[in-house]
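J.: Below are the sequence and a predicted model for it; my questions follow.
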Amino acid sequence: MSRALYIHWPFCLAKCPYCDFNSHVRAGIDVDLWRGALLADMAREAGAGPTQPLTSIFFGGGTPSLMPPALVGALLDEAERRWGFAESIEITLEANPSSVEAANFAQLAGAGINRVSLGLQSLEDEPLRFLGRLHDAREGLEALETAQRHFARVSFDLIYALPGQTPEQWSAQLSRALGMGTGHLSLYQLTIEPGTRFETMVRQGQFRPLDEDAAADLFALTRQMTREAGLPAYEISNHARPGEESRHNLTYWRYQDYHGIGPGAHGRRFGQATTRHRKPENWLAAVSERGHGTQDEVPLGAAEQASEAMLMGLRLAEGVDLAAIAARFGFAEAELCDPAKFAFYAAQGLVWREGNRIGVTEAGMPLLDGLLGELVPAALVEA
């Protein structure tokens with residue numbers, strides 16, 4: 001059974017207009033204060049139940065590549081002391097491709113980072129300006145080359161289905177991306193999230209998102225090109241050579257335990273859901289007052305856990321082991337997945353079953369949200 005640790009660093013140099021993550025811009029950061037607070041939050045999680053070696057650690061944000069490498073190293077040392085590390089532990093850090101952050105890559109590798117996820121978002125200058133990114137295409141490519149020199153495993157993100165983007169434009173960019181030699185790509189359709197600057201701009205008529213049919217065509221093109229290049233989709237937006245999937249994210253999608261520390265971090269461990277205070281100042285105040293930044297620690301019922309396991313696992317190309325989930329949480333298979341609806345959608349080629357394992361087909365993935373609402377009984381979801 002995997003056990004993972006997520007560490008959230010909430011600070012960015014600027015807030016991107018599409019971003020709804022827990023990220024904040026601050027003029028100054030007291031690194032010593034944050035070091036002590038993150039170590040205290042980690043101690044709380046390590047004491048929450050039986051410990052076992054971590055199989056993955058993920059530094060997310062925000063922009064964790066802005067963290068001083070010495071702080072990253074201190075957190076990794078403490079995590080190893082408290083949990084121990086599995087022999088082949090994956091330690092990932094999200095990074096932005098600015099020259100300042102790329103200059104830290106050698107020290108971050110020395111601190112123990114062995115995988116980096118680089119937020120390129122586009123290989124072209126005009127889309128980068130539209131997306132509010134602080135780097136240009138040249139700087140991004142240079143950062144990618146630097147990352148590939150220092151880290152054993154490198155992934156990068158691209159955003160597609162931008163306003164007016166054509167299949168020819170996206171095909172050319174994706175073809176370039178697939179030729180850059182990384183074993184993993186995260187390819188996300190632009191989504192207008194509530195509360196973002198892009199939502200305001202769309203409401204004010206400053207731009208019009210790509211329509212759903214055109215976006216669906218780009219999704220299908222993405223799946224085809226990555227599959228043909230040997231990086232098939234193993235999750236709806238993530239593509240990898242076999243064996244180079246993100247082990248950390250697979251922990252989430254396979255519904256295994258993970259601890260979350262830092263502002264806004266979520267966790268699932270020992271049958272409980274944990275959340276941390278989102279605003280950095282509130283999180284720091286909580287750590288100062290109580291020794292940790294936990295806002296909520298809620299026991300999860302068997303039905304809620306089973307529902308989450310189904311909803312997360314069906315995002316994966318490998319699907320879920322229905323019998324294993326039923327046995328784990330004490331349900332009949334029919335209570336986890338409506339047999340009549342499954343048969344109906346299987347006849348349409350949208351879902352599959354092989355022995356105990358069920359999943360969503362290539363044709364069904366564009367309809368994933370709707371299929372999940374149909375297959376997983378509402379009584380289970382709402383329990």
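T.: Yep, that arrived. Residues are numbered from 1 along each chain as shown.
J.: Can you point out the buried residues in the helix or strand hosting residue 143?
T.: Assigning secondary structure by DSSP states H and E places residue 143 in helix 137-150. Across helix 137-150, burial judged by 16 or more other CB atoms under 10 Å covers 137, 139, 140, 141, 143, 144, 146, 147, 148, 150. For glycine as for every other residue, the C-beta is placed from the backbone atoms N, C-alpha and C.
J.: and it, average pLDDT?
T.: The average of the pLDDT scores along helix 137-150 is 95.
J.: Run through who's touching it.
T.: The contact list for helix 137-150, computed with CB atoms under 8 Å, 6 or more residues apart in numbering, reads 95, 97-99, 101-102, 105-106, 108-109, 116, 118, 120, 122-125, 128, 135, 154, 156, 180-182.
J.: now those residues: which count as buried?
T.: For those, a burial check counting by 16+ other CB under 10 Å picks out 95, 97-98, 101-102, 105, 108-109, 116, 118, 120, 122-123, 128, 135, 154, 156, 182.
J.: Tell me which of these fall in strands.
T.: 95, 116, 118, 120, 154, 156 (DSSP state E).
J.: nearest to residue 208, of these?
T.: Using CB to CB, residue 120 comes nearest to residue 208 of those, at 24.8 Å.
J.: isn't the closest one right up against residue 98?
T.: No: contact status for residue 120 versus residue 98: not in contact, 11.5 Å apart, counting by CB atoms under 8 Å.
J.: Low-confidence stretches in the stretch 1-150 of the chain?
T.: 99-100 (pLDDT under 70).
J.: cutoff 80 now
T.: Applying pLDDT under 80 to the stretch 1-150 of the chain flags the ranges 1, 99-102.
J.: all helices for it, in order.
T.: With DSSP state H, counting those that start in this stretch, the ranges of helices along the stretch 1-150 of the chain come out as 31-46, 69-83, 99-102, 105-111, 125-130, 137-150.
J.: residues of the longest one that come out buried?
T.: Burial within helix 31-46, assessed by neighbour count using 16+ other CB under 10 Å, is assigned to 34, 35, 37, 38, 39, 40, 41, 42, 44, 45, 46.
J.: Next, format those residues as JSON lines and append distance to residue 253.
T.: Putting those into JSON lines (distance: CB to CB, whole Å) gives the following:
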{"residue": "34", "distance to residue 253": "30"}
{"residue": "35", "distance to residue 253": "31"}
{"residue": "37", "distance to residue 253": "29"}
{"residue": "38", "distance to residue 253": "26"}
{"residue": "39", "distance to residue 253": "29"}
{"residue": "40", "distance to residue 253": "30"}
{"residue": "41", "distance to residue 253": "25"}
{"residue": "42", "distance to residue 253": "24"}
{"residue": "44", "distance to residue 253": "26"}
{"residue": "45", "distance to residue 253": "21"}
{"residue": "46", "distance to residue 253": "24"}
